[in-house]
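**Q** no sequence for this one, just the structure:
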């Protein structure tokens, strides 16, 4: 009976670890997106402004 209880506990722990891993991956992806947008935002804005200024009125 204790063996079954230990196995059930181990399965629950793995699910918790898996959820934690997914959370860390999601946080890492969010950080990468924020850094990318911050770094590329001004350059992209300048490019669009240059295109808009080059178009005839």
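**A** Thanks, I have the structure now. All figures in this text were calculated on a predicted structure; none of them were measured in a lab.
**Q** when you work out contacts or count neighbours from here on, use the C-alpha atoms and nothing else.
**A** Fine.
**Q** next one: whichever strand or helix holds residue 6 to chain centre, how far?
**A** Secondary structure from DSSP states H and E places residue 6 in helix 2-54. Centre-to-centre, helix 2-54 and its host chain are 2 Å apart (C-alpha atoms, centre = their mean, to the nearest Å).
**Q** looking only at pLDDT, what's the mean for it?
**A** Average pLDDT, helix 2-54: 85.
**Q** which strands or helices does it pack on?
**A** Applying 3 or more C-alpha pairs under 8 Å, 6 or more residues apart in numbering; DSSP states H and E, we find helix 2-54 packed against no helix or strand.
**Q** how many neighbouring residues does residue 29 have?
**A** If you count neighbours by other C-alpha atoms under 10 Å, residue 29 ends up with 12.
**Q** gap between it and residue 51?
**A** Distance of residue 29 to residue 51, given as C-alpha to C-alpha, to the nearest Å: 31 Å.
**Q** then residue 2?
**A** 71 Å.
**Q** neighbour-wise, which of these two wins?
**A** The neighbour comparison of residue 2 against residue 51 (other C-alpha under 10 Å) goes to residue 51, with 10 against 7.
**Q** ok, now which ones touch the more buried one?
**A** Contacts for residue 51 (C-alpha atoms under 8 Å, 6 or more residues apart in numbering) come out as none.
**Q** how about a cut-off of 10 Å?
**A** residue 45 (C-alpha atoms under 10 Å, 6 or more residues apart in numbering).
**Q** do the same with the one 3 residues further on
**A** With contact taken as C-alpha under 10 Å, 6+ apart, residue 54 is in contact with residue 48.
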